[in-house]
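Q: no letters, just coordinates:
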Ligand SMILES: Cc1ncc(C[n+]2csc(CCOP(=O)(O)OP(=O)(O)O)c2C)c(N)n1
């Protein structure tokens, strides 16, 4: 019996998985267990599979993913904190044929940039918005976010988020789903292979929607931040499942490609 | 002869934008400049030239929309008045830091705070010294007629693209609101995507081609050595502007003993004051900076050699006067005269101020 050689294994017909060509070789600066890198990878794969590398631009936020542009080999803009939806609007309006996506954290999208978020979606901008909800301000060292859970300890809620002092965690995705401009609103996660596949499907659908001019596609990814939460990656996944999923349940909140409830496109057609 | 009309300064900004091939205007209503967007919306240029006009949810949003459009290498602009420009400060700093071309119009009103909707020139520091954070400058144009409101839109875009730097038209509620005869510019078509690629394809985010590296429009640099180098590059750009872009107008300065320095509407008032002073036998002249940054330091310094005194006339507590002082550099006397809070000086007041501050006493 002859031994199996490496050359016998590395053959095109045996290839089941490879790094996306849209991902650069720059080592990501993210912490082990962070969700950002996984979502980057998914976006890269979708761009590659759709063959739109030359037709897509990304807007990086201020937050841990501020340097997302080093990792995806496409043209990028880096927006001021919270303003990615406005930057995306400005770009898309003068370049309506391009695929435009804004990538934002919860502080960026749901605190300082709430107005830009709501109004971009309400205008039905034909953009993709990817929202990484890790319930904390990762980049600045773990302060309370608008999405921080009640009782969650952060550096600015050291005794736990207190609703009398800080109010409730903001379900901005539920608000977004109310807006006629939103074509597709979904909440996903990337903590298991199954969830990664679902998120990828959602992101693909979002990019396809933006070519159909049916309004904004909005994807929340409930995410972990083990550095900010100060628990290890495995425990972080468990903490997220136990604490975040009941409050931020996964699944589609709105899909106007299926049901036509009060959407931007329906109203446009009626007009 | 071009198209001659009687129009408001603000309306002309809108018309000039359409005619010079502007790709997009993003704005938010504020007195005394709302006619800019109102005129654009009524003209509906998207049907004529394809120009986008969008009312944003705030000035914060409009300046960041400008950031997005400019990143694509397009000719984009916004306009506002003082409080709105304050809101834009962060975005303007990002635009300067990302080296994007953009046109911003500030039709000044009186402040601080909500202040008054009446005209003012109290945003001079904000416009010429930065306004937002970090070491940056806008190239600042100061029209003093409705005609220049027309001319400076096209010029502003030319300069913005030449230097890849935001350009501000710093005007005021009088120039914005008053009607004057204006010869409108001829129509220039908007650039096609190919032309945009030709002009700005070496830096703009136009979609990554397999033939080039990715383009990243950012103002972020985590390595201090590189950030300092970048700042030095910006400073070199501003030095080049100081060499090449200084613009000013001199009226009766050749033999003048007393020189009034004034821009915008104050220069119109001061021009009359010069006539009145000459009638009284006082050799007065008017020096009007057209670019406020770069400021005409050299020329003022030369004039200071044979003048007995300078009077800076501004509708502020005295802001441009600091640049006049730096330019004159101690050679002769420099005084300030100004009204504030929306009050407009009369030519007689300027005459009296010059007599009492520079000649008498
Ligand atoms: C105007 C402004 N305010 C504050 C900051 C500081 N800052 C940088 S990132 C950040 C929070 C980011 O948190 P999030 O959006 O949740 O993203 P994450 O880092 O968790 O991915 C803050 C407050 C800033 N850069 N600009």
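A: Received it, and whenever you're ready, just let me know what you need. Just so it is clear, the model here is predicted, and its values are computed rather than measured.
Q: so in terms of bridging, what pairs with the residue nearest to residue B:36 when sequence neighbours are not counted?
A: Of all residues not flanking residue B:36 in the chain, residue B:79 sits nearest, at 4.5 Å (CB to CB, 6 or more residues apart in numbering or on different chains). For glycine as for every other residue, the C-beta is placed from the backbone atoms N, C-alpha and C. As for beta bridges, residue B:79 partners with residue B:105 under DSSP bridges.
Q: and the gap between residue B:79 and residue B:109?
A: The gap separating residue B:79 from residue B:109 is 13 Å, by CB to CB, to the nearest Å.
Q: looking at the two, which is more packed in?
A: residue B:79 (31 against 27; other CB atoms under 10 Å in any protein chain shown).
Q: for the ligand, what's the nearest residue on chain B?
A: At 6.2 Å from the ligand, residue B:90 is the closest residue in chain B, using CB to the nearest ligand atom.
Q: is that residue in contact with residue B:130, as I believe?
A: No - if you go by CB atoms under 8 Å, residue B:90 and residue B:130 don't touch, sitting 11.8 Å apart.
Q: still on that earlier bit, what helix or strand is the residue of chain B closest to the ligand on?
A: For residue B:90, the element it lies in under DSSP states H and E is helix B:82-97.
Q: what packs against that helix?
A: Counting contacts by 3 or more CB pairs under 8 Å, 6 or more residues apart in numbering or on different chains; DSSP states H and E, helix B:82-97 is packed against helix B:59-71, strand B:76-80, strand B:102-108, helix B:124-128, strand B:166-172.
Q: repeat that for 7 Å
A: Counting contacts by 3 or more CB pairs under 7 Å, 6 or more residues apart in numbering or on different chains; DSSP states H and E, helix B:82-97 is packed against helix B:59-71, strand B:102-108, strand B:166-172.
Q: deepest in the core, which of those is it.
A: helix B:59-71 (a mean of 31; mean count of other CB atoms under 10 Å in any protein chain shown).
Q: give me the beta-bridge partners of the closest residue to the ligand within the stretch 101-250 of chain A?
A: In the stretch 101-250 of chain A, the residue that lies nearest the ligand is residue A:105 (2.3 Å; CB to the nearest ligand atom). Beta-bridge pairing of residue A:105 under DSSP bridges involves residue A:132.
Q: close enough to count as contact, it and residue A:66?
A: No - counting by CB atoms under 7 Å, residue A:105 stays clear of residue A:66, with 9.4 Å between them.
Q: rewinding a little: can I get the helices and strands packed on helix B:82-97 in JSON lines including mean pLDDT?
A: Putting the helices and strands packed on helix B:82-97 into JSON lines (pLDDT from 0 to 100) gives the following:
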{"stretch": "helix B:59-71", "mean pLDDT": "98"}
{"stretch": "strand B:102-108", "mean pLDDT": "98"}
{"stretch": "strand B:166-172", "mean pLDDT": "98"}
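Q: dump the ones you listed to CSV, plus distance to residue A:112.
A: Rendered in CSV, the data for the helices and strands packed on helix B:82-97 read as follows (distance: least, CB to CB, whole Å):
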stretch, distance to residue A:112
helix B:59-71, 10
strand B:102-108, 22
strand B:166-172, 22
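Q: dump the ones you listed to TSV, plus distance to the ligand.
A: As requested, the helices and strands packed on helix B:82-97 are exported to TSV (distance: least, CB to the nearest ligand atom, whole Å):
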stretch	distance to the ligand
helix B:59-71	10
strand B:102-108	19
strand B:166-172	19
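Q: wait, which of those is closest to residue B:294?
A: With CB to CB as the criterion, residue B:294 lies closest to strand B:166-172 of the helices and strands packed on helix B:82-97, at 12.0 Å.
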